[in-house]
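[1] Sequence plus the predicted model coming up.
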Amino acid sequence: MQRKVFVIGNSKGVSIPSEYLSRLNLSVGSEVNVTLDEDRNRIVLEPLRKNKSIKGVNKEFAKEVNEFIEKYRPALNELAKK
């Protein structure tokens, strides 16, 4: 879906289709993480989710698993399609 960049005060923005917001359970005021993927020349927006501790799971291990998932997300998404 093609969008145009527009001015918002001293910043710039792009509108996000309502369908995408609802599919990710986002609404006005929701927080997102914005990163620049220089290798693939793209801007990535991801919903910011509160880290919830799971009893019996080591926090450092959970952090490493999350880092692995973020690093290999494109490959994991492709594998999930198969």
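    Looks like it came in fine.

[2] so Ser15 is in which element?
    Ser15 is part of no helix or strand, with elements assigned from DSSP states H and E.

[3] Count the residues that sit near it.
    Ser15: 9 surrounding residues under other Cβ atoms under 10 Å. Bear in mind the C-beta positions are built from the backbone N, C-alpha and C, glycine included.

[4] my read: it touches Gln2, true?
    No. Using Cβ atoms under 8 Å, Ser15 makes no contact with Gln2, being 11.3 Å away.

[5] How is the protein partitioned into domains?
    Taking automatic domain parsing as the reference, the chain has its domains at 1-50, 51-82.

[6] With mean pLDDT as extra columns, can I get those in CSV?
    Output for the domains of the chain, formatted as CSV (pLDDT from 0 to 100):
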stretch, mean pLDDT
domain 1-50, 92
domain 51-82, 84
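
[7] Mind telling me what element Cys46 is part of?
    No Cys there; residue 46 is Glu. strand 42-47.

[8] Mind listing residues that contact the following helix or strand past that strand?
    Moving toward the C-terminus from strand 42-47, the next helix or strand (DSSP H and E) is helix 59-71. With Cβ atoms under 8 Å, 6 or more residues apart in numbering as the test, helix 59-71 has contacts from 53-54, 76.

[9] and with 10 Å instead?
    By Cβ atoms under 10 Å, 6 or more residues apart in numbering, the residues outside helix 59-71 that reach it are 33, 35, 44, 46, 51-54, 57-58, 76.

[10] Find the pair from those residues with maximum spatial separation.
    Val44 and Asn58 (27.6 Å; Cβ to Cβ).

[11] Show me which of the two is the more surrounded one.
    Comparing Val44 with Asn58 by other Cβ under 10 Å, the one with more neighbours is Val44, at 13 against 9.

[12] residues in contact with the nearest residue to the more buried one once chain neighbours are set aside?
    The spatial neighbour of Val44 that comes closest, neighbours along the chain excluded (Cβ to Cβ, 6 or more residues apart in numbering), is Thr35 at 4.9 Å. Thr35 is in contact with 42-46, 70, counting by Cβ under 10 Å, 6+ apart.
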